[in-house]
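Undergrad: Requesting a structural model of the entry that follows:
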Amino acid sequence: YHGKNDEQIEVLLGLLKREKAKIVELEKTRRLSKEEKTIAILVRENWQIKEIIEGCKELDEKIEIETKVAAEVVNQLSMWDMVWSSDLITKAVMIGLIAASVWSWAIIFEKINTLRQVKRLSKTFEERFWSGGSLDKLYDSIGNPQDPMSAMFVAAMKEWRRTNIMKSKTDRGLRGVSLQQRIEKAMMVSMDKELDEMDNHLGFLASTGSVAPLVGLFGTVWGIISCFNAIAVTQSNSLTSIAPGIAEALFTTAFGLIAAIPAYIAYNMITTDIDRYAKKLENFMAEFSSILSREIDDTTIKAEMAGE
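TA: All right, here's what the predicted structure looks like:
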């Protein structure tokens with residue numbers, strides 16, 4: 001301001017004030033622009049979040065609709081429709097398990113009926129055997145034996161009648177011992193033969209009880225692999241496209257359990273009953289062998305007393 005008059009100084013001061021005011025306005029404008037940018041960014045991000053939320057809602061609605069449609073499709077498909085609509089290997093597994101289940105039930109009913117009949121006939125024979133009547137008359141009245149116990153009795157009596165221990169007094173004792181051994185062996189052979197017939201087809205029940213779940217699991221794994229291959233080919237991962245295939249795959253496991261559980265339970269029950277009946281036959285063999293042994297001894301003593 002040196003060398004300037006008052007008017008010039010006032011003019012310069014006015015210019016400085018105006019420039020300062022412009023600078024202040026510019027700073028305000030710059031500050032507002034930063035705030036507007038920040039607000040714009042926040043608004044844009046908010047809209048993006050809203051779009052994501054709306055997209056998730058739409059996806060949830062789509063999944064719910066597809067789930068309902070898949071459930072309707074599965075409910076509309078019957079079990080046999082799923083069997084016949086499956087691929088060849090899965091179909092073969094399910095049909096094989098159904099056949100195994102049917103055959104297992106046939107064996108179960110046949111064995112239960114046989115055991116019931118055998119126990120009834122054996123009880124009737126025991127009542128006649130222990131009634132105190134003649135063993136020869138009982139043997140003549142039996143004819144063709146219908147149960148293992150009477151078959152053992154017939155085998156023993158045949159051996160008894162076939163051997164004549166009265167031939168010679170020099171070897172009568174040896175003949176008696178040999179006869180008892182042959183009778184016991186004849187009863188043992190007859191018992192083993194009858195029990196083998198009762199055990200027939202039980203191996204199939206044991207195999208079905210142990211193998212059927214594994215076969216069903218194989219069918220399930222194969223069915224799921226087929227479903228994933230179908231997804232890869234069609235490029236569709238919707239439930240409506242994969243639900244029937246998964247249901248078909250799980251049906252093989254169900255069929256495996258349906259075949260295995262009754263077979264396993266029935267095998268244990270039937271083998272337990274057969275073992276209990278075999279023990280009863282062994283007791284009868286021991287008792288009958290004792291009776292024949294006493295009869296042999298009495299016959300030998302009577303022959304010696306008669307002076308033969």
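Undergrad: When you work out contacts or count neighbours from here on, use the C-alpha atoms and nothing else.
TA: Will do.
Undergrad: What is the subsequent helix or strand relative to the helix or strand containing Lys119?
TA: In the assignment (DSSP states H and E), Lys119 maps to helix 88-129. Tracing the chain past helix 88-129, the next element assigned as helix or strand by DSSP H and E is helix 135-142.
Undergrad: quick one on the thing from earlier: helices or strands next to the helix holding Lys119 in the packing?
TA: helix 79-85, helix 135-142, helix 148-162, helix 202-234, helix 239-305 (3 or more CA pairs under 8 Å, 6 or more residues apart in numbering; DSSP states H and E).
Undergrad: Deepest-packed of these, please.
TA: By mean neighbour count, with neighbours taken as mean count of other CA atoms under 10 Å, helix 148-162 ranks first of the helices and strands packed on helix 88-129 at a mean of 20.
Undergrad: Packing partners of that one?
TA: The helices and strands touching helix 148-162, judged by 3+ CA pairs under 8 Å, 6+ apart, are helix 88-129, helix 135-142, helix 172-198, helix 239-305.
Undergrad: pLDDT below threshold where in this protein?
TA: Under the criterion pLDDT under 70, the flagged ranges of the chain are 1-14, 16, 19-20, 22-53, 55-56, 59-60, 62-86, 163-177, 234-245, 297-308.
Undergrad: what do you get if the cut-off is 50, keeping everything else the same?
TA: Counting by pLDDT under 50, the chain shows low-confidence ranges at 1-4, 32, 165-174, 308.
Undergrad: who touches the residue nearest to Leu281 when sequence neighbours are not counted in this structure?
TA: Using CA to CA, 6 or more residues apart in numbering and skipping the chain neighbours, the partner closest in space to Leu281 is Met149 (6.4 Å). For Met149, the contact set (CA atoms under 8 Å, 6 or more residues apart in numbering) comprises 122, 125, 191, 281, 284.
Undergrad: repeat for Asp273
TA: Leu115.
Undergrad: Ile112 versus that one, what's the distance?
TA: 10 Å (CA to CA, to the nearest Å).
Undergrad: now Ile270
TA: For Ile270, the distance to Ile112 (CA to CA) stands at 7 Å.
Undergrad: need the helices and strands packed on helix 148-162 in a markdown table with distance to Gly223, can you?
TA: Converted to a markdown table, those look like this (distance: least, CA to CA, whole Å):
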| stretch | distance to Gly223 |
| --- | --- |
| helix 88-129 | 6 |
| helix 135-142 | 59 |
| helix 172-198 | 39 |
| helix 239-305 | 4 |
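Undergrad: Out of the ones you listed, which is closest to Leu217?
TA: Taking CA to CA as the criterion, Leu217 comes closest to helix 239-305 out of those, the separation being 5.3 Å.
Undergrad: which residues touch Ser190?
TA: Counting by CA under 8 Å, 6+ apart, Ser190 has contacts 148, 151-152, 155.
Undergrad: For the contacts of Met149, work out which two are farthest apart.
TA: Farthest-apart pair in the contacts of Met149 is Phe125 and Met191; separation 15.4 Å (CA to CA).
Undergrad: Many thanks, we can stop here.
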